[in-house]
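J.: the sequence and its predicted three-dimensional model are supplied below.
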Amino acid sequence: MTISARSIAVHTDFRHPRALRWIFAAAALAAVAAPAAAEAAARIARPGTYDGVWNVVFATQAGNCSSNNSVPFTVIGTRVSSAGGGKVTGGIGRGGAVSVNISVGASKATGNGRLVGNSGTGRWSGIITGDRCSGTWQATRT
């Protein structure tokens, strides 16, 4: 079976108002959707930008938790995970914005901040061995 431009033209009436409206609507939708898709892609960190193992040091500023704890994280693409000890989940977005959830036994914490180049800083809060604590964190890519 062969389909030619002539056979398509015979069955398509571009003079019909509905056909023209559909064509213009599809073109308008494509024109609006393309920049939105490009903008959404730009919000997400380029895969590989922050890849590697990061050593994160947590400093307690409020609460009765140990003052400094160090935990290694792994970054692959836009995902953050544990590099040993505990469960770490999270992600990295536009401009290096990072958000993580950490749990070790009954202790749970969340953290937010920013990575730039080979370092990063942010804040954390959680319940560590039954005490509500919060503070800052600093990260260095190893």
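T.: The structure has been received and is ready for your questions. Bear in mind the structure is a predicted one, so any value in this text is a computation, not a measurement.
J.: what does the host helix or strand of Ser103 contact?
T.: Element membership of Ser103 [criterion: DSSP states H and E] is strand 97-104. Residues outside strand 97-104 that contact it (CB atoms under 8 Å, 6 or more residues apart in numbering): 71, 73, 80, 85-93, 108-115, 120, 122, 126. Backbone N, C-alpha and C define where each C-beta goes, glycine included.
J.: break the protein down into its structural domains.
T.: 5-43, 52-141 (automatic domain parsing).
J.: which stretch in those has the least confidence?
T.: Confidence, taken as mean pLDDT, is least for domain 5-43 of those (a mean of 43).
J.: give the buried residues for the strand holding Ser103.
T.: Buried residues in strand 97-104, counted by 16 or more other CB atoms under 10 Å: 98, 100, 102, 104.
J.: neighbouring strands - and their directions - for the helix or strand just after it?
T.: Using DSSP H and E, the next helix or strand after strand 97-104 towards the C-terminus is strand 107-116. Sheet partners assigned to strand 107-116 using DSSP bridges are listed as strand 97-104 (antiparallel), strand 119-128 (antiparallel).
J.: with distance to Asn64 as extra columns, can I get those in a markdown table?
T.: Shown next, in a markdown table, are the strands paired with strand 107-116 (distance: least, CB to CB, whole Å):
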| stretch | distance to Asn64 |
| --- | --- |
| strand 97-104 | 17 |
| strand 119-128 | 9 |
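J.: ok, which of the ones you listed comes nearest Ala62?
T.: strand 119-128 (8.5 Å; CB to CB).
J.: and the helix or strand following the closest one, what does it pack against?
T.: For strand 119-128, the following helix or strand on the C-terminal side (DSSP H and E) is strand 131-141. When contacts are defined as 3 or more CB pairs under 8 Å, 6 or more residues apart in numbering; DSSP states H and E, strand 131-141 packs onto strand 52-62, strand 107-116, strand 119-128.
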